[in-house]
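Engineer: Everything below, folded, please.
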Amino acid sequence: MALGFSLLSMLSLAFYFWFGWIEGWPLAWLSGAWFLLSLYAVVSFKQLSPKAWLCWTGHAWEVQLMLTAPSQVEHAISVHLDFQNYFLVSLSNPHSARQWFWVSRKAFPERWHGFRCAVYSRSERISF
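Structural biologist: From the prediction side, this is the model:
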């Protein structure tokens, strides 16, 4: 929600600037306030996200929250942002809402390359 508000306020600030309704110091102050609030929204989103493991079973993705058992529900994974050392991914299935995750290389550096390969590979079921 905070990220949506940040995007909406950025668009309104750009609209006011485009038509010349705001300029000079008021524009600088509002732009600075928008930047700080947007940074706060991103940091709070990252900190409030549940700590979880993404597990590949060989044919589907599963979510395992810390201190719980695996979900046993198959998910489809989508990569939305790829910063080489960080991913913003989402998992979806037909029975629940989409779940969003920031995945960091620091969490498991020895398996990062394999994780990247698994995320970008498409599993296909072959029938003979």
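Engineer: drop to CA atoms for contacts and neighbour counts, all remaining ones
Structural biologist: Fine.
Engineer: domain ranges for this protein?
Structural biologist: The chain breaks down by automatic domain parsing into domains covering 2-48, 52-120.
Engineer: For the protein, just list every one of the strands.
Structural biologist: Residue ranges of the strands in the chain, as given by DSSP state E, are 52-56, 61-65, 76-82, 86-93, 96-104.
Engineer: from those strands, which stretch is densest packed?
Structural biologist: strand 61-65 (a mean of 18; mean count of other C-alpha atoms under 10 Å).
Engineer: Now that one: average pLDDT?
Structural biologist: The average of the pLDDT scores along strand 61-65 is 70.
Engineer: ditto for stretch 19-37
Structural biologist: pLDDT averaged over stretch 19-37 gives 83.
Engineer: From the rest of the structure, what touches it?
Structural biologist: Ser6, Ser9, Met10, Leu13, Tyr16, Phe17 (C-alpha atoms under 8 Å, 6 or more residues apart in numbering).
Engineer: can I get those in CSV with neighbour count?
Structural biologist: Output for the contacts of stretch 19-37, formatted as CSV (neighbours: other C-alpha atoms under 10 Å):
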residue, neighbour count
Ser6, 18
Ser9, 16
Met10, 17
Leu13, 17
Tyr16, 14
Phe17, 14
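Engineer: ok, Ser90 to Val63 distance?
Structural biologist: Distance check for Ser90 against Val63: by C-alpha to C-alpha, to the nearest Å, it reads 11 Å.
Engineer: thinking again about what came up before, format the strands of the chain as JSON lines; extra columns: distance to Ile22.
Structural biologist: JSON lines is the format used below for the strands of the chain (distance: least, C-alpha to C-alpha, whole Å):
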{"stretch": "strand 52-56", "distance to Ile22": "44"}
{"stretch": "strand 61-65", "distance to Ile22": "47"}
{"stretch": "strand 76-82", "distance to Ile22": "33"}
{"stretch": "strand 86-93", "distance to Ile22": "35"}
{"stretch": "strand 96-104", "distance to Ile22": "36"}
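Engineer: for the ones you listed, which one sits closest to Tyr120?
Structural biologist: Proximity to Tyr120, assessed across the strands of the chain by C-alpha to C-alpha, is greatest for strand 76-82 (8.1 Å).
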